[in-house]
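Undergrad: Pasting the sequence and the predicted coordinates here, then a few questions.
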Amino acid sequence: MKKTIFLIALLMLAINIVVAQEDAIEEVSVMGTMEGATIRLLQLQSSIEHNILKGTDVISEILDADPEANFSRMEEILAEMDVLSSQIEDLINSDLNETKAAEEFVFVKIQAKELSKEFRTMAIGYLPDENQERVRNRNETSQDLTKLKEEIKQRTRAHNALQVQKFLDKIGLQNDSLVSQIGSGELNVGQAISSVAKAYKGLGQENKAEALAKIKEVKAKAQVQKETVREKTENSSDELKIRAQERKEAAKGKIEKIKEKIKSKHAENSNGQGSPDAGNEHGGVKGNSSNINSDDQGKNNQDSGNGQGGKK
Amino acid sequence: MKAFLILGLLVVGLLAGCSDNSASGTADDVQQDNALQPSTQQDTSVDEVESVMNDQMISETDYVEVGEMI
């Protein structure tokens, strides 16, 4: 009986890893350029940082609901997430190529998902329903996280503008106004794609065939990258075990920092502040403006945002 | 054992059904398919462009999901 339960647990773990891997691989299609890869990594860092903030709030709530609770593993999980966030920063500032960055993205994401799941299971066990609801309804953010999200937004607009520029170049068209509108956030992705499709439809049959051949090349390149990442990350349970061990070791140096954050969050909640702005002491988020291939910078880059927000 | 036998029969039945379906179709159907082909090809190429652009671009509302903490 025990053997069967163990086998089922093992099977479920393997299924979880495969699902997380597939999920992450779907997101690497934009990682064909270093700028696209950087944006995905920053998005991952943003989600991890958000979870660290939320986790701090959860432990603060547990302190109120059950002062005797032993939440040391939960603190460790937050410290391990902080390690992952630092790893992302190191990756962005290193000289990785796009495929290696995509591979690392998948590994870090699988780990972040596993840690979040483990934390959530414990949190639900400790907190009564009404406390869970209270924490869920609190909007956790920090100045650093807001800054990171803004950086992602600006980079995303610049990246999209560059992709459209590259496509138009490929089909021999020029539309500076369209590219500029995408770079400023005036046009969202859907609108941009419609405009590109319209431009394509306007081509003559011969030009269309030529353009389509080039488009297929882009598609094939993305597919090759996806398959390479899949090959490198599948059957990765041994690799993940090694990484988990290294992560746990590195997290030991971050526990004190997490404890301080929980203390400060608890004091804040006890004073009835519970404000949505949870303080900006979060160490892991820094601006990541370096290490972008000059090829990827394009004509409409970082300064293109005008704060209008995408019309979605 | 019986359950396996029933399951096996069901699978065989389904496969037979599928192969029968693929073999079905009249000359009219084929003619109709051929008539539709040029416009379908054109649509496909626009779809292809849209699909590739969609894969290359990132929506501002996109985020990477790592799961909830509570």
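TA: All right, it came through fine. Numbers count the residues shown, from 1 in each chain, chains lettered A, B, ... in the order given.

Undergrad: Chain A contacts on chain B?
TA: Contact residues (C-beta under 8 Å from any C-beta of the partner chain) of chain B with chain A: B:45-46, B:48-70. The way it works is simple: take the backbone N, C-alpha and C, and place the C-beta from them, glycine included.

Undergrad: mind listing what's buried in stretch A:90-106?
TA: A:Leu91, A:Ile92, A:Leu96, A:Glu98, A:Thr99, A:Lys100, A:Ala101, A:Ala102, A:Glu103, A:Glu104, A:Phe105, A:Val106 (16 or more other C-beta atoms under 10 Å in any protein chain shown).

Undergrad: how about the fifth one, what does it touch?
TA: I take that to be A:Thr99. By C-beta atoms under 8 Å, 6 or more residues apart in numbering or on different chains, the contact list for A:Thr99 reads A:Gln225, A:Thr228, A:Val229.

Undergrad: Mind doing that once more with 6 Å?
TA: Going by C-beta atoms under 6 Å, 6 or more residues apart in numbering or on different chains, A:Thr99 touches A:Gln225, A:Thr228.

Undergrad: so which strand or helix has it?
TA: Using DSSP states H and E, A:Thr99 maps to helix A:98-126.

Undergrad: how about the host helix or strand of A:Lys241: buried residues?
TA: Using DSSP H and E, A:Lys241 sits within helix A:237-251. For helix A:237-251, burial by neighbour count (16+ other C-beta under 10 Å) applies to A:Leu240, A:Arg243, A:Arg247, A:Ala250, A:Ala251.

Undergrad: Over to stretch B:52-66?
TA: B:Val52, B:Met53, B:Asn54, B:Asp55, B:Gln56, B:Met57, B:Ile58, B:Glu60, B:Asp62, B:Val64, B:Glu65, B:Val66.

Undergrad: ok, now stretch A:253-264?
TA: A:Lys254, A:Ile255, A:Ile258, A:Lys261, A:Ile262.

Undergrad: what's the answer for stretch A:189-208, then?
TA: Within stretch A:189-208, the residues that count as buried by 16+ other C-beta under 10 Å are A:Val189, A:Gln191, A:Ala192, A:Ile193, A:Ser195, A:Val196, A:Ala199, A:Tyr200, A:Leu203, A:Lys208.

Undergrad: Check these one by one and keep those near chain B.
TA: When contact is defined as C-beta under 6 Å from any C-beta of the partner chain, these meet chain B at A:Val189, A:Ile193, A:Val196, A:Tyr200.

Undergrad: Now do the second one, the pLDDT please.
TA: The score at A:Ile193 is 96. That number is its pLDDT.

Undergrad: Which of the helices or strands spans it?
TA: helix A:189-201.

Undergrad: so what does that helix touch, helix or strand wise?
TA: Here helix A:189-201 touches helix B:27-56, going by 3 or more C-beta pairs under 6 Å, 6 or more residues apart in numbering or on different chains; DSSP states H and E.

Undergrad: Now A:Leu203, what are its backbone angles?
TA: phi -80, psi 160 (degrees, to the nearest 10).

Undergrad: and if you look at A:Gly32?
TA: Main-chain torsions, A:Gly32, degrees, to the nearest 10: phi -70, psi -20.

Undergrad: Which residue, other than its chain neighbours, is closest to it?
TA: Setting aside the residues directly before and after it, A:Gly32 is nearest to A:Ala222 in space (C-beta to C-beta, 6 or more residues apart in numbering or on different chains), at 5.4 Å.

Undergrad: Run a quick neighbour tally on that neighbour.
TA: By other C-beta atoms under 10 Å in any protein chain shown, 18 other residues sit near A:Ala222.

Undergrad: Can you pull the phi/psi pair for it?
TA: Reported as degrees, to the nearest 10, the phi and psi values for A:Ala222 are phi -60, psi -40.

Undergrad: Skipping adjacent residues, who's closest to A:Gln165 in space?
TA: Spatial nearest neighbour of A:Gln165, excluding adjacent residues (C-beta to C-beta, 6+ apart): A:Val179 at 4.9 Å.
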